[in-house]
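**Student:** Structure, please.
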Amino acid sequence: MRVAVLGLGEAGSIYAADLARLGLSVTATDPLVSAVPAGVRSADDVGTAVRGAALVLSLVGGRAAGAVLEEALPVMEPGGIFADMNTAGPADKRRLAERAEEHGIAFIDVAILAPVPRSRIGTPLALSGSGAGELQSILRGLQIPATSVGGEAGDAAGLKLLRSVFMKGLAAAVLESVTAARAAGAEDWIIDQIASELGPSGPAVVSRILEGTPVHAERRAAEMCDARSFLETLGVPHPMTDGAIEWLHSLSRPGPG
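**Tutor:** Residues are numbered from 1 along each chain as shown. Alright, predicted model coming up:
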């Protein structure tokens, strides 16, 4: 099978590399990245990357997802599958699915349910959309854990955002608690306390939160804004989500001087 990977950021580069190691023919493109993983062919643009591909994985970020889809659709093979693995709101995913349907291309809303660097290609995925069952069969054949969660694009995205409300809220609580404990001279103690409450993987979870949150604060703030919009459509209060957004924005702002 020939696969096109659009976007070679943290997640995209891992998927491209691991799929190539499985023996698939992988072509990738990213205007901001010149080097590609070993075994992956580089393409100069989206059209070149997707031409002849049976499966296209889009990992370009929610803001660029629509533009990349528009570039890909005119040159995709009939019957091709476009897997949008970007985080976005359910309504945005449904709009993209409608555009793909106009071109006769199966659009699958794919939610990545854990940090990709942790389990790489073994990261659990949730799929929704008319072609979710077909993509699930392909991914399971590659030993990639994937579950179909709905027949409409946007169903998987909604579940991902609900998970984000908890995970980013947890990260906010952990970082604030550890920051206060550091000022009190009790940093190691509070980290041990938090980790013990999170089970056997607690120490690794706390470490990822403390190391990864400041680095990815801007992207996670955008994700939480999508989550807040989704909660508003559900008519659910969201004070904790509001606080997490403000906190993430503060982390992403450059410090003084």
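**Student:** mind showing which ranges of the stretch 151-257 of the chain have poor pLDDT?
**Tutor:** 254-257 (pLDDT under 70).
**Student:** quick one, strands of it?
**Tutor:** For the stretch 151-257 of the chain, applying DSSP state E, counting those that start in this stretch gives no strands.
**Student:** mind listing the helices in it by residue range?
**Tutor:** 155-183, 187-197, 202-215, 217-234, 239-252 (DSSP state H, counting those that start in this stretch).
**Student:** Tell me which residues of the last one come out buried.
**Tutor:** Of the residues in helix 239-252, those buried by neighbour count under the rule 16 or more other CB atoms under 10 Å are 241, 244, 245, 247, 248, 251, 252. Placement of C-beta: from N, CA and C, glycine included.
**Student:** on contacts alone, who are the packing partners of it?
**Tutor:** Applying 3 or more CB pairs under 8 Å, 6 or more residues apart in numbering; DSSP states H and E, one finds that helix 239-252 makes contact with helix 155-183, helix 202-215, helix 217-234.
**Student:** May I see these organised as CSV, with mean neighbour count and distance to residue 102 added?
**Tutor:** CSV is the format used below for these (neighbours: other CB atoms under 10 Å; distance: least, CB to CB, whole Å):
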stretch, mean neighbour count, distance to residue 102
helix 155-183, 19, 20
helix 202-215, 15, 38
helix 217-234, 18, 24
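**Student:** which strand is the longest one in the protein?
**Tutor:** If each strand of the chain is counted by residues according to DSSP state E, the longest one is strand 106-112.
**Student:** tell me the contacts of residue 230?
**Tutor:** Contacts for residue 230 (CB atoms under 8 Å, 6 or more residues apart in numbering) come out as 89, 90, 158, 161, 162.
**Student:** Equivalent analysis for residue 128, please.
**Tutor:** So residue 128 contacts 108-109, 111, 148-157 (CB under 8 Å, 6+ apart).
**Student:** The helix or strand in which residue 19 is found vs helix 217-234, what angle?
**Tutor:** If you go by DSSP states H and E, residue 19 is part of helix 10-21. Interaxial angle of helix 10-21 relative to helix 217-234 (axes from the mean of the first three to the mean of the last three CA atoms, to 10 degrees): 100 degrees.
**Student:** now the buried residues of helix 239-252 as JSON lines including distance to residue 2?
**Tutor:** Converted to JSON lines, the buried residues of helix 239-252 look like this (distance: CB to CB, whole Å):
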{"residue": "241", "distance to residue 2": "40"}
{"residue": "244", "distance to residue 2": "40"}
{"residue": "245", "distance to residue 2": "40"}
{"residue": "247", "distance to residue 2": "43"}
{"residue": "248", "distance to residue 2": "38"}
{"residue": "251", "distance to residue 2": "40"}
{"residue": "252", "distance to residue 2": "38"}
